[in-house]
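Colleague: Need a 3D model of the sequence below.
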Amino acid sequence: MSVPTVLVHRDQTLLAQAAAARLVTRLVDVQAARGSAAIVLTGGGVGTAVLAELAAAPARGAVDWRCLDIWWGDERFLPSGHPDRNETGARAALLDHVGADPVRVRAMPASDESGIDTPEAAAERYAETLRAATQPEDHAPVPSFDVLLLGIGPDAHVASLFPGMPALYDERPVVAVRGAPKPPPIRLTLTLPAIGAAREVWIIAAGEEKAAAVRLALSGAGPIQVPAAGARGRQRTLFLLDRAAASRLPPDIGAVPAT
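Modeller: Residues are numbered from 1 along each chain as shown. All right, here's what the predicted structure looks like:
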């Protein structure tokens, strides 16, 4: 598990632009080396803003979108096209504009999908989709994602892993979440072992209301009460923050002022 690197940008707009530019570079480098790349998307305000900046970036054409596998870290268990689904926001912000291969855009199942009666059934179906995409060298029930994007909540939740909830103890790659403290209450999420299979994990946070959570995530706390403390990439973990979110960093964390 990698030691986090903290990069601080002046404000949320610059943070989103810089994260989008960093994504282009990362995806282009991976595709140049292997021919394809895999990314896990997140929702939320700043996560969606990064996708919108990526769609607007002149350099987006350097990415071969037809050779990009697109996954999600969590989803609200709602009907397809519902405005609260992370997939809906990602399609509007980015995916409808870049010519991604529909076969390689693997959204978490919607509540109205055929054969899906419960969120547990949806979680198992997504786990099966992940397993089918793995290679022997992954040594895990999920692919070795090249970049896994995460937001962080004021309570230090990531994906739909909320403090103290049963999903944090689960070893399966995808689980249903019932009774989430943030609406809607029924969700699907990757678990910490699945997140930890990613080569790089990027936690993106903006706003003073995230500062306490960021501090906890970087302070050595345990992942059951501070889920973000357990979200680490195998090769690299980045905390991409604006100044407000970085305003309460632990004193031993050496943040890099990026912009």
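
Colleague: mind checking how far residue 147 is from residue 63?
Modeller: Using C-beta to C-beta, to the nearest Å, residue 147 is found at 12 Å from residue 63. C-betas here are computed from N, CA, C, even on glycine.

Colleague: What of residue 211?
Modeller: Counting by C-beta to C-beta, the gap from residue 211 to residue 63 is 32 Å.

Colleague: Check residue 253 too.
Modeller: For residue 253, the distance to residue 63 - C-beta to C-beta - is 31 Å.

Colleague: Neighbour count for the two, which is higher?
Modeller: For residue 253 and residue 63, the more surrounded residue by other C-beta atoms under 10 Å is residue 63, and the numbers stand at 23 against 15.

Colleague: Enumerate every residue touching the more buried one.
Modeller: Neighbouring residues of residue 63 by C-beta atoms under 8 Å, 6 or more residues apart in numbering: 24, 27-28, 31, 98.

Colleague: So in terms of bridging, what pairs with residue 203?
Modeller: Applying DSSP bridges to residue 203 gives these bridge partners: residue 150, residue 239.

Colleague: all helices for the stretch 151-259 of the chain, in order.
Modeller: With DSSP state H, counting those that start in this stretch as the criterion, the stretch 151-259 of the chain has helices at 192-195, 211-217.

Colleague: Turn those helices into CSV, columns for mean neighbour count.
Modeller: Putting the helices of the stretch 151-259 of the chain into CSV (neighbours: other C-beta atoms under 10 Å) gives the following:
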stretch, mean neighbour count
helix 192-195, 22
helix 211-217, 21
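
Colleague: show me where the stretch 51-200 of the chain has strands.
Modeller: Read by DSSP state E, counting those that start in this stretch, the stretch 51-200 of the chain holds these strands, from start to end of the chain: 68-72, 74-76, 147-150, 174-177, 187-190, 200-205.

Colleague: Show me which of the ones you listed has the highest average neighbour count.
Modeller: When the strands of the stretch 51-200 of the chain are scored by mean count of other C-beta atoms under 10 Å, the highest mean neighbour count falls to strand 187-190 (a mean of 31).

Colleague: Residue 7: what secondary structure?
Modeller: Taking DSSP: H, G, I helix; E, B strand; the rest coil as the rule, one finds residue 7 in the strand state.

Colleague: Going by neighbour count, which residues of stretch 127-135 are buried?
Modeller: Using 16 or more other C-beta atoms under 10 Å as the burial criterion, the residues of stretch 127-135 that qualify are 127, 129-130, 134.

Colleague: List of residues touching that stretch?
Modeller: Judged by C-beta under 8 Å, 6+ apart, the contacts made with stretch 127-135 from elsewhere in the structure are 69, 71, 106, 140-143, 172-174, 194.

Colleague: and that stretch, average pLDDT?
Modeller: Here the mean pLDDT over stretch 127-135 is 97, rounded to a whole number.

Colleague: where does the stretch 51-200 of the chain dip in pLDDT?
Modeller: Within the stretch 51-200 of the chain, no stretch has pLDDT under 70.

Colleague: how does it look with 90?
Modeller: Applying pLDDT under 90 to the stretch 51-200 of the chain flags the ranges 137-139.

Colleague: Reformat the helices of the stretch 151-259 of the chain as TSV; add distance to residue 51.
Modeller: What follows is the helices of the stretch 151-259 of the chain, written out as TSV (distance: least, C-beta to C-beta, whole Å):
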stretch	distance to residue 51
helix 192-195	19
helix 211-217	21
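
Colleague: of all those helices, which lies closest to residue 249?
Modeller: Nearest to residue 249, of all the helices of the stretch 151-259 of the chain, is helix 211-217, at 6.2 Å by C-beta to C-beta.
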